[in-house]
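In: what's the 3D shape of this:
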Amino acid sequence: KLQFLYLIVMWRVLVCCAAAASAAPALWPLPKEAHSGKTTVAVDPTQFQFRAAGGGAPSADLAAAFERCRTQCFPHRAGAAAGAAAVEAVVEVADDAAELQLGVDESYRLTVEAAPAAVRIEAATQFGAYHALETLSQLLFFNATDGRGAYVIRNAPWDIRDAPRFPHREVLLDTSRHFQPVASLKAAIQSFTYAKINTLHWHLLDNQSFPWVPPSMPVMARGAFSPYEMYTQQDVEDVVQYAKARGVRVVMEMDTPGHAASWCVGRPDVCPAPNCTSPLRPDTEATFELYETLADDLFKVVPDAYFHIGGDEVNTGCWEKNPEIVQWMRSKNLTAHGAYLYFVQRVAAIVRAKGKHAVGWDELWANFNTSLDKNTVIHQWRNWLPVAKAATGAGYRVIMSNLTPWYLNGATFTWQQVYEEEPCAGLTDEECQRVIGGGGELWGEGVDPSDLQTTLWPRLAAVGERLWSDKAQTANASAAESRYASFRCYLTRQGVAAPPHSNPEARQPPAGPGSCLAQ
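Out: Here you go, the predicted structure:
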């Protein structure tokens with residue numbers, strides 16, 4: 001019986017591996033436009049070079065990307081190719097010093113000629129070139145069956161013209177509920193690039209901990225879990241620069257007035273009471289002076305033009321229990337709801353005065369709608385409310401991260417549900433133009449360094465393709481499943497701890513022996 005089961009397993013492995021060896025490369029996310037042929041082109045890893053067009057020296061960032069791609073493209077030690085082979089990729093970038101901000105041009109063209117064998121990349125900016133190099137990595141196929149090993153690109157010639165559907169493609173990582181070391185954050189950022197995710201939404205602080213040492217107010221770090229679980233200013237800058245070198249923006253979130261109990265450890269004066277700590281006090285200038293001080297510290301090392309102010313899940317009960325706050329509200333002729341709006345407007349004004357765009361959770365729209373500054377970006381998470389429809393209809397920009405199914409810590413959402421979530425569902429074409437993107441959100445209650453990648457992947461890939469690729473070409477999960485399964489295997493080859501793609505829930509290990517492609 002055991003021998004019979006072994007033969008069945010091995011048959012499945014041989015079938016799926018044979019299919020993989022003969023099939024066209026399974027590119028993920030699906031390019032905007034791709035044309036291919038029927039020729040196999042050899043690639044010589046012993047001689048292969050990345051060269052800037054025109055013979056000039058590439059920028060430092062582009063040179064570093066070339067080295068990363070070399071490691072990623074050629075993970076196996078292999079000998080020289082037999083016969084004619086591609087030995088270089090010529091990379092032409094119109095602006096290799098573009099600023100990494102929302103809307104930067106990420107387009108590229110990648111061509112692979114069959115005769116003679118040649119690889120060429122053209123991109124408007126270095127960030128488009130990074131995406132092209134990622135696609136090139138997915139085109140390469142390693143064949144070890146001849147005993148020597150050889151790299152090839154199948155189905156040449158290739159002509160790929162690609163650009164994202166949405167400019168903002170994020171992952172939220174929560175470092176307050178569980179601390180994520182710098183090494184974990186960097187590993188996650190590197191993994192984002194495989195699916196062309198271009199934004200880390202860093203939910204830095206929350207009720208549970210204050211894991212950052214602000215240079216201008218180091219006392220705030222008393223709210224950290226421990227001395228080992230906090231970021232220095234240099235750590236934050238290191239993560240931001242690491243991300244930038246890979247084309248990943250970092251959008252910081254400093255959530256107030258709720259979700260801020262950890263502030264009270266270092267600065268109890270900005271909290272309503274020792275036993276009723278949140279939301280932060282709206283009645284004292286000390287609160288807003290502290291917010292501005294912390295924001296200034298972050299803005300020194302986080303250059304992105306967008307800053308998330310949170311504003312969600314605010315229960316004003318603590319305000320209404322504090323006699324001083326109650327008296328202040330009466331003096332201003334404010335209800336608790338009015339004080340909530342006052343707080344949000346003060347914080348948003350601080351952010352705007354620094355030249356930043358304020359982003360806030362959808363409670364801001366649900367409570368205050370057009371009382372918000374028109375430049376505010378609304379981040380929808382409660383998909384049972386018509387926030388996106390109303391906000392875009394009123395001319396506001398929106399980010400879509402619906403709880404069901406794009407909250408990736410919700411392990412019961414299948415990849416098919418994640419894949420088929422349409423950011424512009426129910427919106428007109430004009431309203432959809434105001435959706436700047438979306439993302440998968442990974443809240444930290446049940447996620448620490450031990451399961452960060454296994455919770456993100458491979459379902460984050462489904463989010464990535466939905467935000468990058470053409471809507472009409474990617475409407476159906478069934479049609480994408482074979483590419484999705486292959487991409488999960490590609491992730492594991494890059495060292496990403498991505499569980500089997502067919503799991504009904506996240507984080508589950510393989511059910512038994514077998515090929516990566518058969519799980």
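In: CA only for contacts and neighbour counts going forward, please
Out: Fine.
In: how about the helices in the stretch 101-250 of the chain?
Out: Using DSSP state H, counting those that start in this stretch, the helices found in the stretch 101-250 of the chain span residues 126-139, 182-192, 233-244.
In: now these in JSON lines, with mean pLDDT?
Out: Shown next, in JSON lines, are the helices of the stretch 101-250 of the chain (pLDDT from 0 to 100):
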{"stretch": "helix 126-139", "mean pLDDT": "98"}
{"stretch": "helix 182-192", "mean pLDDT": "98"}
{"stretch": "helix 233-244", "mean pLDDT": "98"}
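In: Please identify the deepest-packed of those.
Out: When you average the neighbours per residue for each of those (mean count of other CA atoms under 10 Å), helix 126-139 leads with a mean of 24.
In: coming back round to it: can I get the helices of the stretch 101-250 of the chain in a markdown table with distance to L110?
Out: Listed next are these as a markdown table, based on distance: least, CA to CA, whole Å:
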| stretch | distance to L110 |
| --- | --- |
| helix 126-139 | 6 |
| helix 182-192 | 20 |
| helix 233-244 | 22 |
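In: got the CA positions of the helix or strand containing A339 in CSV?
Out: Element membership of A339 [criterion: DSSP states H and E] is helix 336-353. Extracted as CSV, the C-alpha positions of helix 336-353 are listed here (Å, rounded to 0.1, in the frame of the first residue of the first chain):
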residue,chain,number,x,y,z
ALA,A,336,-18.0,65.1,21.7
HIS,A,337,-18.5,64.5,18.0
GLY,A,338,-17.5,68.1,17.2
ALA,A,339,-14.4,67.7,19.4
TYR,A,340,-13.5,64.6,17.3
LEU,A,341,-13.7,66.7,14.1
TYR,A,342,-11.7,69.5,15.8
PHE,A,343,-8.9,67.0,16.6
VAL,A,344,-8.8,65.5,13.1
GLN,A,345,-8.8,69.0,11.5
ARG,A,346,-5.9,70.1,13.8
VAL,A,347,-3.8,67.1,13.0
ALA,A,348,-4.5,67.2,9.3
ALA,A,349,-3.6,70.9,9.3
ILE,A,350,-0.2,70.1,10.9
VAL,A,351,0.4,67.5,8.2
ARG,A,352,-0.6,69.8,5.4
ALA,A,353,1.5,72.7,6.8
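In: which of the residues in that helix are buried?
Out: Using 16 or more other CA atoms under 10 Å as the test for burial, helix 336-353 gives 336, 339-341, 343-344, 347-352.
In: what's it packed up against?
Out: helix 285-299, strand 306-310, strand 357-361 (3 or more CA pairs under 8 Å, 6 or more residues apart in numbering; DSSP states H and E).
In: now these as JSON lines including mean pLDDT, distance to Y396 and mean neighbour count?
Out: Putting these into JSON lines (pLDDT from 0 to 100; distance: least, CA to CA, whole Å; neighbours: other CA atoms under 10 Å) gives the following:
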{"stretch": "helix 285-299", "mean pLDDT": "98", "distance to Y396": "24", "mean neighbour count": "17"}
{"stretch": "strand 306-310", "mean pLDDT": "98", "distance to Y396": "15", "mean neighbour count": "24"}
{"stretch": "strand 357-361", "mean pLDDT": "98", "distance to Y396": "11", "mean neighbour count": "23"}
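In: Which one, of the ones you listed, ends up nearest to A53?
Out: Across the helices and strands packed on helix 336-353, the minimum distance to A53, taken as CA to CA, is reached by strand 306-310, at 33.8 Å.
In: For whichever helix or strand comes after that closest one, which helices and strands make contact with it?
Out: Scanning the chain past strand 306-310 towards its C-terminal end, the next helix or strand to appear is helix 317-321 (assignment: DSSP H and E). Using 3+ CA pairs under 8 Å, 6+ apart as the contact criterion, the secondary-structure elements in contact with helix 317-321 are helix 323-331.
In: For the helix it packs on, list the C-alpha coordinates in PDB.
Out: What follows is helix 323-331, C-alpha atoms only, in PDB (Å, rounded to 0.1, in the frame of the first residue of the first chain):
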ATOM      1  CA  PRO A 323     -14.500  67.500  33.800                       C
ATOM      2  CA  GLU A 324     -11.800  69.700  32.200                       C
ATOM      3  CA  ILE A 325     -12.400  68.300  28.700                       C
ATOM      4  CA  VAL A 326     -16.200  68.600  29.200                       C
ATOM      5  CA  GLN A 327     -15.700  72.300  30.300                       C
ATOM      6  CA  TRP A 328     -13.500  72.900  27.200                       C
ATOM      7  CA  MET A 329     -16.100  71.400  24.900                       C
ATOM      8  CA  ARG A 330     -18.800  73.700  26.400                       C
ATOM      9  CA  SER A 331     -16.600  76.700  26.000                       C
END
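In: So what touches it?
Out: Counting contacts by CA atoms under 8 Å, 6 or more residues apart in numbering, the residues outside helix 323-331 that touch it are 272, 281-283, 319-320, 335-336, 339.
In: Repeat the analysis, applying 6 Å as the threshold.
Out: Contacts with helix 323-331, where a contact means CA atoms under 6 Å, 6 or more residues apart in numbering, come from 283, 319-320.
In: if we can go back for a sec, looking at the helices and strands packed on helix 336-353, which is nearest to N375?
Out: For N375, the closest of the helices and strands packed on helix 336-353 is strand 357-361, at 6.6 Å, according to CA to CA.
In: Output the contacting helices and strands for the closest one.
Out: Strand 357-361 makes packing contacts with strand 306-310, strand 377-380 when contacts are defined by 3 or more CA pairs under 6 Å, 6 or more residues apart in numbering; DSSP states H and E.
In: Any chance of a markdown table for these, columns distance to W361?
Out: Compiled in a markdown table, the helices and strands packed on strand 357-361 are given as follows (distance: least, CA to CA, whole Å):
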| stretch | distance to W361 |
| --- | --- |
| strand 306-310 | 5 |
| strand 377-380 | 5 |
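In: Of all these, which one comes closest to V398?
Out: Distance to V398, taken as CA to CA, is lowest for strand 377-380 among the helices and strands packed on strand 357-361, at 4.8 Å.
In: can you list the residues that contact that closest one?
Out: Counting by CA under 6 Å, 6+ apart, the neighbours of strand 377-380 from elsewhere in the structure are 359-362, 397-401.
In: Distance-wise, check G410 relative to W384.
Out: In this structure, G410 and W384 are 16 Å apart, going by CA to CA, to the nearest Å.
In: Comparing those two, which shows the higher neighbour count?
Out: Just comparing G410 and W384: by other CA atoms under 10 Å the higher neighbour count belongs to G410, 18 against 9.
In: part of a strand, is P25?
Out: No - the secondary structure assignment for P25 gives coil rather than a strand, going by DSSP: H, G, I helix; E, B strand; the rest coil.
In: dump the residue contacts of it.
Out: Applying CA under 6 Å, 6+ apart, we find P25 in contact with L139.
In: coming back round to it: same list, the contacts of strand 377-380, but as CSV with distance to Y490 please.
Out: Putting those into CSV (distance: CA to CA, whole Å) gives the following:
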residue, distance to Y490
V359, 34
G360, 35
W361, 34
D362, 36
R397, 35
V398, 32
I399, 29
M400, 27
S401, 26
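In: On the three-state scheme, L280 is what?
Out: When the structure is split into helix, strand and coil by three-state DSSP, L280 lands in coil.
In: Nice, that's everything, thank you.
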